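1. Dropping a prediction and its sequence here:
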Amino acid sequence: MRAKTRVWRCWSRSRCKRPGGTSTGTWPAGPQGVVVWSDQACYILVGEGVTATTANGTPLPANTPVPFVVPSGTGAPWRVSAIQVSTGGTLYAKPINIR
């Protein structure tokens, strides 16, 4: 089974939605992590300048919130990138602080 390449765009720092093409949302440096969930199975990658693929993304089952630590880096904006497994859906992302 081959995954379709779709990445969701994030807006308002709390909700992302697949617009029908590929895109990626970014946040400025600050939060220590992000909780991500989707109504469809997908692969997720979080970091500076990343793009999720089936080879490098973390598998995310549908309707399962998963926290990700934001890797420390250069302080550049970081992004949540996702690629759907088979069916388009809605991806949600909420920046969090662990402490």
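-> Received, thanks.

2. From here on, just use CA atoms for contacts and neighbour counts.
-> Will do.

3. Pro67 is in contact with Val36, correct?
-> Yes: using CA atoms under 8 Å, Val36 makes contact with Pro67 at a distance of 6.3 Å.

4. Quickly list what Lys94 is bridged to.
-> Taking DSSP bridges as the rule, Lys94 bridges to Val35.

5. going forward can the numbers begin at 30, since that is how I track them
-> Understood, numbering begins at 30; the last thing we discussed is Lys123.

6. Neighbours of it, how many?
-> Look at Lys123: counted by other CA atoms under 10 Å, it has 17 neighbours.

7. hang on, Gly118 packs against Trp66?
-> No: using CA under 8 Å, Gly118 makes no contact with Trp66, being 10.7 Å away.

8. more neighbours, those two?
-> Using other CA under 10 Å, the more surrounded residue of Gly118 and Trp66 is Trp66, with 24 against 18.

9. Next one: the more buried one relative to Val75, how far apart?
-> To Val75, Trp66 is 13 Å away according to CA to CA, to the nearest Å.

10. ok, back up a step: which one's more surrounded, Val65 and Pro96?
-> Relative neighbour count places Val65 above the other of Val65 and Pro96, with 24 against 16, counting by other CA under 10 Å.

11. any idea how far Thr116 is from Thr103?
-> Distance, Thr103 to Thr116, by CA to CA: 35 Å.

12. Also Val95?
-> Distance from Val95 to Thr116, counting by CA to CA: 19 Å.

13. try Ala81
-> According to CA to CA, Ala81 stands 16 Å off from Thr116.

14. next one: Val63
-> Plainly put, Val63 is 23 Å away from Thr116 if you go by CA to CA.

15. These two: which is more packed in?
-> The residue with more neighbours, out of Val63 and Thr116, is Val63; 23 against 12, by other CA under 10 Å.

16. so who does that one touch?
-> 96-99, 122-125 (CA atoms under 8 Å, 6 or more residues apart in numbering).

17. ok, it to Gln69 distance?
-> Noted for Val63: a distance of 18 Å to Gln69, by CA to CA.

18. Check Gly117 too.
-> Taking CA to CA, one finds Gly117 at 7 Å from Gln69.
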